[in-house]
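Engineer: I'd like to go over a predicted model; first the sequence, then the structure.
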Amino acid sequence: MTAITHKKKYFSRKSSSEIVVFSMVFAVFAVFAASYIYILLWGVFAGLKSHSEIVLSPFTLPEKWRFSNFIEVLTYLKVGDFGFFHMLFNSLYFSLLGPFIQGMVTSMLAYVTCKYKFFGAKVYYVVTLVVITLPIYGNTGSMYLILHRMGLINSYSQIILATSGIGMHYLFYYEAYRSLSDSYAEAAEVDGAGEYTIYFKVMFPQVRSLFLALFMLGWLGEWNNYSGILLYLDKLPTLAGGIYLVEIEMIYEVRLDMLYAAYIISAIPPLVIFALFNNVLTKNISLGGIKE
């Protein structure tokens with residue numbers, strides 16, 4: 001009752017033209033949301049059908065609900081010597097460890113280049129701006145050659161690339177630290193805190209919400225990444241890369257039911273993460289501080 005009353009008061013403050021505009025915008029977004037939900041549900045129903053049902057009756061409910069498809073795909077999905085659970089391990093390894101290392105290293109690098117005055121601090125900022133403007137197709141060949149000579153092709157050690165600190169996330173952290181007053185560090189230093197204590201207990205906690213948001217976005221990107229897997233880790237396939245590699249094989253083997261079951265299983269973790277942490281991913285990040 002309170003929510004309805006609040007809604008009426010909200011619209012009572014709007015003019016007729018504003019109400020029309022807001023209603024139209026709401027309708028457009030409602031249609032987009034309904035289309036996404038429909039696609040997701042269609043994929044679930046497709047995973048519960050047989051191959052022939054998907055081909056002959058793609059828009060109807062399953063005649064027989066084949067929940068066993070989601071169990072069978074765990075053994076059916078295989079790339080070389082890698083089964084479902086091995087690919088799942090690879091997905092978790094690269095999608096969790098990589099963004100975490102990248103976030104910590106990038107945050108520390110941004111803090112040092114922002115708060116400390118030394119030769120090269122501003123140069124790194126400019127180099128980062130230049131690097132992020134280069135298209136991926138312009139540096140793929142050179143990147144592959146570098147990784148090949150370093151022995152990082154098809155290697156779990158490729159996670160070391162997360163320590164580069166170069167990218168858009170560096171700019172986010174840089175601006176976040178620049179908005180923080182130096183008074184925090186100065187007060188901690190007066191109390192006897194060292195450089196590491198100042199960073200980990202005073203400065204970093206103030207950008208923790210930014211770190212978590214960028215970590216979750218990085219995780220989602222790495223979980224769904226298949227192009228990088230095909231280029232540099234084709235012998236260490238993740239779940240996304242493995243599904244892409246066997247997609248054509250499943251189609252020729254008339255097992256679309258397995259394909260859509262695999263799609264839905266791989267989509268479950270991102271859906272759960274978004275449901276649990278949607279506020280972190282969508283809310284505005286406000287940084288408070290001491291006014292100079």
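Structural biologist: Cool, got the structure.
Engineer: Looks like Leu74 contacts Met87 (just checking).
Structural biologist: No: between Leu74 and Met87 there is no contact under Cβ atoms under 8 Å: 10.6 Å. (C-beta placed from N, C-alpha, C; glycine too.)
Engineer: Comparing the two, which residue is more hemmed in?
Structural biologist: Met87 (24 against 14; other Cβ atoms under 10 Å).
Engineer: domains of the protein?
Structural biologist: The chain breaks down by automatic domain parsing into domains covering 2-74, 80-282.
Engineer: Tabulate those (CSV), appending mean pLDDT.
Structural biologist: Listed next are those as CSV, based on pLDDT from 0 to 100:
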stretch, mean pLDDT
domain 2-74, 83
domain 80-282, 87
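Engineer: burial count for Gly228?
Structural biologist: The tally of other residues near Gly228 (other Cβ under 10 Å) stands at 18.
Engineer: Which helix or strand lies directly C-terminal to the helix or strand that contains it?
Structural biologist: Element membership for Gly228 (DSSP states H and E) is helix 227-232. Next in sequence after helix 227-232, counting helices and strands by DSSP H and E, comes helix 239-252.
Engineer: Who are the packing partners of that next one?
Structural biologist: strand 78-79, helix 84-92, helix 227-232, helix 256-282 (3 or more Cβ pairs under 8 Å, 6 or more residues apart in numbering; DSSP states H and E).
Engineer: for the first one, packing partners?
Structural biologist: Here strand 78-79 is seen to pack against helix 239-252 when contacts are counted using 3+ Cβ pairs under 8 Å, 6+ apart.
Engineer: Can you give me the buried ones in the helix it packs on?
Structural biologist: Within helix 239-252, the residues scored as buried using 16 or more other Cβ atoms under 10 Å are Leu239, Ala240, Gly241, Gly242, Ile243, Tyr244, Leu245, Val246, Met250.
Engineer: returning to what we had before: just the domains of the chain: most buried one?
Structural biologist: Highest mean neighbour count among the domains of the chain (mean count of other Cβ atoms under 10 Å): domain 80-282, with a mean of 16.
Engineer: Where does Glu18 sit: helix, strand or coil?
Structural biologist: What DSSP: H, G, I helix; E, B strand; the rest coil gives for Glu18 is helix.
Engineer: quick one: it from Gly98, how far?
Structural biologist: According to Cβ to Cβ, to the nearest Å, Glu18 stands 46 Å off from Gly98.
Engineer: again with Tyr252
Structural biologist: Going from Tyr252 to Gly98 by Cβ to Cβ gives 33 Å.
Engineer: Same question for Thr140.
Structural biologist: Taken as Cβ to Cβ, the span from Thr140 to Gly98 is 18 Å.
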